[in-house]
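# sequence unknown, structure follows:
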Ligand SMILES: *Cc1c(COP(=O)(O)O)cnc(C)c1O
């Protein structure tokens with residue numbers, strides 16, 4: 001939000017006034033991702049965290065090829081969740097040695113592609129072992145594997161819990177020793193552990209606790225491992241503020257804890273690299289969704305701004321991507337940034353469903369048809385996480401500026 005400057009009442013994005021950027025893109029709606037902000041975020045994070053921590057980008061947050069290309073030059077590795085994402089990561093120039101592949105339903109063909117590519121597979125099921133061994137034999141290449149563990153704890157106060165209790169993700173911690181035995185028997189190359197406990201967390205103490213518990217769990221499991229742990233992925237979970245009242249994640253306590261873990265790892269897992277994998281924290285705040293007001297309607301005393309964009313492009317902002325209670329993303333009128341809030345309006349899209357809501361009763365400057373509505377915090381889980389075919393409206397364009 002405050003990351004984007006304004007000039008003469010217009011938001012500046014990638015160095016251009018928003019109306020000029022819209023003209024350059026040639027259509028609304030569009031997503032714009034700001035290279036400068038992406039670079040700055042990674043630089044700030046690296047400055048805050050201990051130098052020994054490796055930073056991976058979980059590209060399902062935003063798989064736009066040009067953005068993945070930029071990110072692959074900034075981070076130490078890319079985490080993919082399908083063979084389709086793997087292709088984008090390889091096209092982007094990412095080093096296969098530093099690509100890892102997680103996901104609960106990897107098909108045999110995807111496992112074969114992963115072995116051929118030489119990437120690390122985070123094994124999430126006993127079932128994946130045989131196709132990996134077959135691929136390794138058929139290709140005459142090692143199958144590089146880490147074990148994704150379903151931990152026996154969860155990331156507290158996380159918006160999306162991914163560990164603790166029964167889960168489709170990973171192998172339950174108590175079953176891991178048996179899995180490791182089979183990995184050894186099949187001659188797969190064991191490289192480490194992947195423990196991801198949750199997502200979108202703004203509380204440093206919860207992240208510290210989950211990383212500490214992940215580390216201790218990995219130490220226990222390392223006793224049964226067929227080879228030294230070379231790679232320990234402690235997950236991520238770093239959140240960004242979306243809604244009024246949310247405060248930024250404090251990095252200092254997380255950094256202090258990671259420094260301690262690095263010191264302990266140097267003794268107890270001397271060959272291990274410690275990795276954290278982040279999606280939205282790296283890219284979410286660098287992106288905007290921009291759509292245009294088509295109509296301004298009054299219905300029984302309430303004003304609606306009807307736009308050419310909506311939930312078909314930005315399901316998250318409509319509140320229908322995992323939110324329990326709908327809250328407004330930060331929204332502005334991008335060509336009226338210097339005008340005071342006038343009326344309280346709802347911003348809706350063109351779809352014939354009441355779910356198509358971008359802002360519910362928000363105080364905004366008085367907007368007219370032709371004005372540009374901007375949704376901030378839109379760089380992650382936007383276009384690729386939305387039902388873009390729903391109602392057959394024009395496709396959204398994505399630009400890296
Ligand atoms: C989705 C996912 C991430 C990224 O989550 P963010 O909330 O975007 O940081 C990281 N790791 C795994 C295993 C994931 O599934």
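Everything's here; your move. In this text the structure is predicted, and so the values were computed from the model without any measurement.

# give the burial count for residue 180, as a bare number.
The number of residues packed near residue 180 is 22, by other Cβ atoms under 10 Å. (Each C-beta comes from the backbone N, C-alpha and C, glycine too.)

# who's in contact with it?
147, 190, 221, 224-226 (Cβ atoms under 8 Å, 6 or more residues apart in numbering).

# got a winner among those residues for most neighbours?
Sorting the contacts of residue 180 by how many neighbours each has (other Cβ under 10 Å) puts residue 147 first, at 25 neighbours.

# what's the pLDDT at that one?
At residue 147, the model reports a pLDDT of 98.

# you'd agree it is in a strand?
Yes - using DSSP: H, G, I helix; E, B strand; the rest coil, the assignment for residue 147 is a strand.

# got the domain boundaries for this protein?
6-32+285-400, 63-278 (automatic domain parsing).

# how much space between residue 374 and the ligand?
22 Å (Cβ to the nearest ligand atom, to the nearest Å).

# residue contacts, that residue?
Residues in contact with residue 374 (Cβ under 8 Å, 6+ apart) are 11, 18, 288-290, 331-334.

# at 7 Å what do you get?
11, 288, 290, 331-332, 334 (Cβ atoms under 7 Å, 6 or more residues apart in numbering).

# quick one: low-confidence ranges for the stretch 51-200 of the chain?
Along the stretch 51-200 of the chain, the model assigns pLDDT under 70 to residues 157-164.

# give me every residue in it lying close to the ligand.
Taking Cβ under 6 Å from any ligand atom as the measure of proximity, the stretch 51-200 of the chain contacts the ligand at 58, 60-61, 79, 102, 196, 199-200.

# which of those residues ranks first by neighbour count?
With neighbours taken as other Cβ under 10 Å, the top of these is residue 79, carrying 29 neighbours.

# got the domains of the chain as JSON lines, with distance to residue 42 columns?
Below are the domains of the chain laid out as JSON lines (distance: least, Cβ to Cβ, whole Å):
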{"stretch": "domain 6-32+285-400", "distance to residue 42": "10"}
{"stretch": "domain 63-278", "distance to residue 42": "4"}
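
# those: which one's closest to residue 44?
Proximity of the domains of the chain to residue 44 was assessed by Cβ to Cβ; the nearest stretch is domain 63-278, lying at 8.3 Å.

# what are the boundaries of the helices in the protein?
Per DSSP state H, the chain carries helices over the ranges 18-25, 35-48, 65-74, 83-91, 108-117, 129-139, 176-185, 204-222, 251-268, 280-283, 315-318.

# any idea which of those helices is most buried?
helix 280-283 (a mean of 26; mean count of other Cβ atoms under 10 Å).

# for that one, name the packing helices and strands.
Applying 3 or more Cβ pairs under 7 Å, 6 or more residues apart in numbering; DSSP states H and E, one finds that helix 280-283 makes contact with helix 35-48.

# by how many degrees do the helix it packs on and helix 251-268 diverge?
60 degrees (axes from the mean of the first three to the mean of the last three Cα atoms, to 10 degrees).

# anything in helix 35-48 near the ligand?
No - using Cβ under 6 Å from any ligand atom, we find that helix 35-48 stays clear of the ligand, coming within 12.3 Å at best.

# check the offset of that helix from the chain's centre.
Here the centre of helix 35-48 is set off from its chain's centre by 15 Å, with Cα atoms, centre = their mean, to the nearest Å.

# mean confidence for that helix?
Averaged across helix 35-48, the pLDDT comes to 98.

# just want the angle from it to helix 65-74.
Interaxial angle of helix 35-48 relative to helix 65-74 (the same axes, to 10 degrees): 30 degrees.

# tell me, how many residues neighbour whichever residue of the stretch 301-401 of the chain sits closest to the ligand?
Proximity of the stretch 301-401 of the chain to the ligand (Cβ to the nearest ligand atom) peaks at residue 380, 5.7 Å away. Neighbourhood size, residue 380 [other Cβ under 10 Å]: 25.

# ok, the one 3 residues further on next?
Counted with other Cβ under 10 Å, the burial measure for residue 383 works out to 23 neighbours.
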